[in-house]
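Trainee: one predicted model, sequence on top.
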Amino acid sequence: MKASSLLIIAFVIVSCSSRSDIEFQQYYNQGEVLYAKNCSNCHQKDGKGLALLYPPLDKSDFVDNNFEQVLCIMRKGKSTPTIVNGKTFEQPMKGISSLTDLDIAEIATYIYNTWDRQRGIVSVNEVTEKMEKCN
Amino acid sequence: MRSLFLVALTLIVFSSCKPKETTLPIFGEREFNGTDTTYHTIAPFAFLDQDSTLITNATFKDKIYVADFFFTSCRTICPIMKTQMKRVYDATAKDPDVLILSHTIDPLYDDVPRLHNYARMLDVSSDRWHFVTGVQDSIYKIAQTSYFATAREEKAEPDGFIHSGAFLLIDKHQRIRGKYDGTREADVDRLLKDIEKLRNEGE
C-alpha cells in the first residue's frame, strides 16, 4: 500500500516535470527559429551585436535588467538611445509589429535561457499580461 | 612497353594535379582592337563620402577596392553584409592598397551626416572605408551598368528597396575581378583569398 502510493506520487512528479520540460523545449526551439528569422541579422546569431550599431544580447546588462522592456521592444521598437554595458547605442530599432504574444514568449524564452541565462520558460500568458503595460 | 605506358600514365596524372591557373577572371565584355584588348571598367563617378570628401575613380588610383550597395535603415540583408564587410575591413587593416566603397541606394535619407554617424557607429575609418551618397539615378545606373549589381526602389519590399547583397572586387585598373555574396561567410572567405591573389598579381 505504502509502496504503491509512493510509486504513484513518483509517477506524477516525473510526468509533471517532463511535461513542463517538453513545453520549455518547444518554446526554446521555436524561439531559436524566430530569433534567427527576426533578430540575428542585426544582433548576430551569437548575440554579440555589431560595434556601436547593434547592441549585444549576450553579456548585456540591459537585457539582464530590463526584462519587461525587452518584450515591448520586440514589437514596438525603440527610438531613444540605449545604454548597454556603459556604451550608448543611438541607432533606432524598428519594432516588428507582426510578432504575436506567443512569438515574443518563444523568443524571450530563447534569449533568457541562452548565453549563460537560465530564467526558465517565459509563458505566453506572462507576455500577454506584460504587453498591456508597454508604453 | 608496359612500363613506358605506366610512366606516361603517371606523368598525365601528375601534370593534371598541378594547381590550376590562379589569376582571377576579368568580368564583363571586352573589345579587341588589333592586338589590344579593352576590358569593361567602372564608369566615371563622383559621390560624397561620410566626411563630405569628393570620391571619384581617382580616389582608387593604384588601389584594390571592394564595392557594395546598401542603405542605413535596411534591416534585411544589409546588417549581414555590413558584418561581413567589417570582416573584410579588419582582415585588410594592414594592406594600405585595399579600400572599401559602400554606396547608399537611399541617398535621400542617407545624407552625409547620417553616413558619418553610421561609419562612426560601425567604428571604421574614412581613410579605408568610404560610405558614399549622391544622385539616386547615378547610383542606380553605376550599380547596374558598371558593377552589374541590382539596386532600385521597390515599394513592395519590406524596407522599400530591392538590391543585391553582392560584394564586387575591383582591381587597380578599375576592372571587376570577382563577385561574392556578401551575406555568406564562406563566400567572403573566398573574397579575402582573392584579395591576396590580386595583391600578388604582377602588373
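Mentor: Arrived safely. Numbers count the residues shown, from 1 in each chain, chains lettered A, B, ... in the order given.
Trainee: CA only for contacts and neighbour counts going forward, please
Mentor: Noted.
Trainee: quick check: closest non-adjacent residue to residue B:176.
Mentor: Once flanking residues are discounted, residue B:176 sits nearest to residue B:170: 4.6 Å by CA to CA, 6 or more residues apart in numbering or on different chains.
Trainee: do residue A:27 as well
Mentor: residue A:106 (4.8 Å).
Trainee: again, but for residue A:88
Mentor: residue A:82 (5.7 Å).
Trainee: so the residue nearest to residue A:27 makes contact with residue A:33?
Mentor: No - with contact defined as CA atoms under 8 Å, residue A:106 does not reach residue A:33; the gap is 9.3 Å.
Trainee: the two: which is more packed in?
Mentor: A side-by-side neighbour count of residue A:106 and residue A:33, using other CA atoms under 10 Å in any protein chain shown, places residue A:106 first with 29 against 14.
Trainee: and the more buried one, what helix or strand is that in?
Mentor: Assigned by DSSP states H and E, residue A:106 belongs to helix A:101-111.
Trainee: how far does the helix or strand following that helix sit from the chain's center?
Mentor: Downstream of helix A:101-111, the first helix or strand assigned by DSSP H and E is helix A:124-131. From the chain centre to the centre of helix A:124-131 is a distance of 12 Å (CA atoms, centre = their mean, to the nearest Å).
Trainee: what comes up buried for helix A:124-131?
Mentor: Buried residues in helix A:124-131, counting neighbours by 16 or more other CA atoms under 10 Å in any protein chain shown, are found at A:124, A:127, A:128, A:130, A:131.
Trainee: stretch A:103-121 too?
Mentor: A:103-114, A:121.
Trainee: which residues touch residue B:98?
Mentor: Residues near residue B:98 by CA atoms under 8 Å, 6 or more residues apart in numbering or on different chains: B:63, B:64, B:65, B:66, B:92, B:128.
Trainee: does the last one really touch residue B:97, like I thought?
Mentor: This points to residue B:128. No - look at residue B:128 against residue B:97 with CA under 8 Å: they stay out of range, at 9.1 Å.
Trainee: what about the strands in the chain?
Mentor: Using chain A. Assigned by DSSP state E, the strands in chain A fall at A:77-78, A:82-84, A:87-89, A:93-94.
Trainee: ah, I was thinking of chain B
Mentor: Counting by DSSP E, the strands of chain B are B:30-33, B:36-39, B:46-48, B:54-56, B:64-70, B:98-104, B:129-132, B:151-153, B:161-163, B:166-170, B:176-181.
Trainee: what about the fifth one, distance to the chain center?
Mentor: Read it as strand B:64-70. Distance, centroid of strand B:64-70 to centroid of chain: 4 Å (CA atoms, centre = their mean).
Trainee: neighbours around the residue of chain A found nearest chain B, how many?
Mentor: Closest contact between chain A and chain B, by CA to the nearest CA, is at residue A:52 (4.5 Å). Per other CA under 10 Å, the neighbour tally for residue A:52 reads 19.
Trainee: same check on residue A:85?
Mentor: 12.
Trainee: same thing with residue A:21?
Mentor: 14.
Trainee: one step back: with respect to residue A:21, which of the buried residues of stretch A:103-121 is nearest?
Mentor: Nearest to residue A:21 among the buried residues of stretch A:103-121: residue A:121, at 9.2 Å, using CA to CA.
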